[in-house]
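Enquirer: sequence plus the predicted model coming up.
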Amino acid sequence: MERTQDIIPLPKPAGPSAPPETPAPPALRNAFEVANLDVWYGQKHAVQGITLNVPERTITAIIGPSGCGKSTFLRCLNRMHELVPRSRMTGSILFFGEDLYAAQIDPAVIRRRIGMVFQKSNPFPTMSIAENVTVGLRLNGIRNRAFLRDRMEQSLRMAALWDEVKDDLGKPGVSLSGGQQQRLCIARAIATQPEVLLMDEPASALDPIATMKVEELIHQLSRDYTIVIVTHNMQQASRVSDKTAFLYLGRLVEFNDTDQLFTRPREKQTEDYISGRFG
Amino acid sequence: MTSAANNHGLRKALSGCISVFTFICACLVVAPLGLVFIHLLRMGASSVNVDFFTHLPAGPGEPGGGMANAIAGTLVLLGLACAIGVPTGVLGGVYLSEFGSQRVNWTIRFLCDILNGVPSIIWGIVINGLIVIPLKSYSAYAGGLALGCLMIPLVMRTTEEVLVLVPQGYREAALALGIARWKTTIHIVMKTAARGIITGILLALARVAGETAPLLFTALGNSFWNHNLREPIAALPLQIFQYAISPYENWHRQAWAGALVLVAFIFTLNISVRFLTRGKPVRV
């Protein structure tokens, strides 16, 4: 599916939009370049010295046992961790070469370019299905009804939800089943056409069939989006991702292509974790 | 074995007695409401007629007359009170729930609870000193301000309580969409809790609608229509008070009727709260 022209005027780095059939495709740029990232919540040192690059148009999985800092790391990528009182961060994160934490950057503007899907589906209870999808556009000043209508349908189609809800668009978003609600949240996140999607255990509260649908969807979306997905499910990481980072106790243990990491881990800790010896 | 059985019988009997006793206590709690209502109906219903809602008070000894000016006055005063109490209270509640640091909030909450406990007559005296004396006139504004000040802590605390109940996930979802903080607060958080906020406002209104003491020193009362909010204005509770302490029989009957109308009005406010929160906890 083609991404339509962006209607929100966002400062975007001028980049080559990869032509479809080039003999030697241009090397992928890095969506994120994270260097020496440390995060504290009060006294707790949640993320310790993480350095890694997330290439664009790939799916990067972050795995690790509970409390290893993977959600915190993800939340640093769209500055959501700042909402936690007494959180503190050092190090640098570049987003397509641009300093995410520069003084003149407005977190709200940056978050329009970096969408997020949460573990617990959270459609707004006061809004219908259609309103839920377009809320990010409407509250950022877009009023053109025809445009909103088109973008809503397009987003719901991309989220593989359109056929299930097209006759019930006026019903409350919370009337859907759990799996549908999560796909609605994904539709809501992609309706603003961000460049990156961050997903924080998007399928962990879903049944196997809904999980499969969401995974298929992630796979579809990876053609257009850079996706960073946090998961505690190693099978999921190996199924959906191109690259995998293994975090343990706040540190990055290993970061490699997914098939490499799962078949020939370089680190003993990684091997122990993926073979189920701890975590 | 027998003693155990005896014990069991005794315990059962005791349990039954206590159940009956608590039931009687519960009845005693509700009984005054019924008694008040029945008594008001008996004493006041005969005087509640069309004239009561459309006519000015009659003089002592004259037949007929009504409390149209007092009913209108109470509505005007409640409107003024809302104009002062609702924005201040709601925004204060938003601050406590969405912004403010922990320590500041603790202090504000504490002071707010003290304010809630301040006797309403104190508000009357304070507003009298601040507004009535410098401006050399009792006024509807002063009365509205006194009632508004009474409403502020009530509205503020209920607003805070219902906003805190809005799950954090909604705020995060909105912020992650790049929606500004203030828009998130208004369009997502407050909208989600709108029912609860309105409930809080109505309860505060019902609470101040019957206040007499703060109006004695501010609105004063008025036997005629008020055409200027900078002048004294009539109010139902004031009119009831004035008529009830008078020596005239027909004024007593009017006071009963006024009391009945006031109670019915507050009753209606409470019913609408029930209606708003029907089948749900106060949130959402």
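Expert: Cool, got the structure.
Enquirer: and residue A:242, how far from residue A:211?
Expert: Per C-beta to C-beta, to the nearest Å, residue A:242 is found 19 Å from residue A:211. Just so you know, the C-beta spots here come from the backbone N, C-alpha and C atoms, and that holds for glycine as well.
Enquirer: neighbour count for the two, which is higher?
Expert: residue A:211 (19 against 15; other C-beta atoms under 10 Å in any protein chain shown).
Enquirer: tell me how far stretch B:83-103 lies from the chain's centre.
Expert: 19 Å (C-alpha atoms, centre = their mean, to the nearest Å).
Enquirer: show me which residues of chain A sit near chain B.
Expert: A:78, A:80, A:83, A:85, A:108-113, A:115-116, A:118, A:120, A:122, A:124-126, A:135-136, A:139-140, A:185, A:188-189, A:192 (C-beta under 8 Å from any C-beta of the partner chain).
Enquirer: mind checking which of those residues land in strands?
Expert: Those of the residues of chain A next to chain B mapping onto strands are A:115-116, per DSSP state E.
Enquirer: in PyMOL, how would I select the buried members of the residues of chain A next to chain B?
Expert: Buried subset of the residues of chain A next to chain B, written as a PyMOL selection, criterion 16 or more other C-beta atoms under 10 Å in any protein chain shown:
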select buried, chain A and resi 78+80+108+110+111+112+113+115+116+118+120+122+124+125+126+135+136+139+140+185+188+189+192
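Enquirer: return the subset of the residues of chain A next to chain B lying in helices.
Expert: When the residues of chain A next to chain B are checked against helices (DSSP state H), the matches are A:108-113, A:135-136, A:185, A:188-189.
Enquirer: of these, closest to residue B:69?
Expert: Distances from residue B:69 to those, taken as C-beta to C-beta, are shortest for residue A:135 (48.5 Å).
Enquirer: which residues touch the closest one?
Expert: A:124, A:127, A:188, B:174, B:177, B:179, B:187 (C-beta atoms under 8 Å, 6 or more residues apart in numbering or on different chains).
Enquirer: distance check, it against residue B:170.
Expert: Counting by C-beta to C-beta, the gap from residue A:135 to residue B:170 is 11 Å.
Enquirer: ok, residue A:80 next?
Expert: Residue A:80 is 14 Å from residue B:170, by C-beta to C-beta.
Enquirer: residue A:42 too?
Expert: 25 Å.
Enquirer: so for the two, which residue has more residues nearby?
Expert: residue B:170 (19 against 11).
Enquirer: burial count for residue A:170?
Expert: Going by other C-beta under 10 Å, the residues that sit close to residue A:170 add up to 9.
Enquirer: what residues does it make contact with?
Expert: Residue A:170 neighbours (C-beta under 8 Å, 6+ apart): A:128-130.
Enquirer: please redo it, this time with the cut-off set to 10 Å
Expert: A:128-131 (C-beta atoms under 10 Å, 6 or more residues apart in numbering or on different chains).
Enquirer: can you lay out the residues you listed as TSV showing secondary structure, neighbour count and pLDDT?
Expert: What follows is the contacts of residue A:170, written out as TSV (DSSP: H, G, I helix; E, B strand; the rest coil; neighbours: other C-beta atoms under 10 Å in any protein chain shown; pLDDT from 0 to 100):
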residue	secondary structure	neighbour count	pLDDT
A:128	strand	17	95
A:129	helix	27	96
A:130	helix	19	96
A:131	helix	19	95
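Enquirer: residues shared between the contacts of residue A:135 and residue B:170?
Expert: Counting by C-beta under 10 Å, 6+ apart, the residues touching both residue A:135 and residue B:170 are A:123-124, B:188.
Enquirer: where does the chain have low pLDDT?
Expert: Picked chain A for this. Residues of chain A meeting the criterion pLDDT under 70: A:1-26, A:278-279.
Enquirer: wrong one, I was asking about chain B
Expert: For chain B (pLDDT under 70), the answer is B:1-6, B:279-284.
Enquirer: excluding residues flanking it in the chain, which one is nearest the closest residue to chain B within the stretch 101-250 of chain A?
Expert: Per C-beta to the nearest C-beta, the residue of the stretch 101-250 of chain A with the smallest distance to chain B is residue A:112, at 3.2 Å. Spatially, and ignoring its direct neighbours in sequence, residue A:112 is nearest to residue B:178 (3.2 Å; C-beta to C-beta, 6 or more residues apart in numbering or on different chains).
Enquirer: do the same with residue B:131
Expert: For residue B:131, the closest residue by C-beta to C-beta, 6+ apart turns out to be residue B:142, at 4.4 Å.
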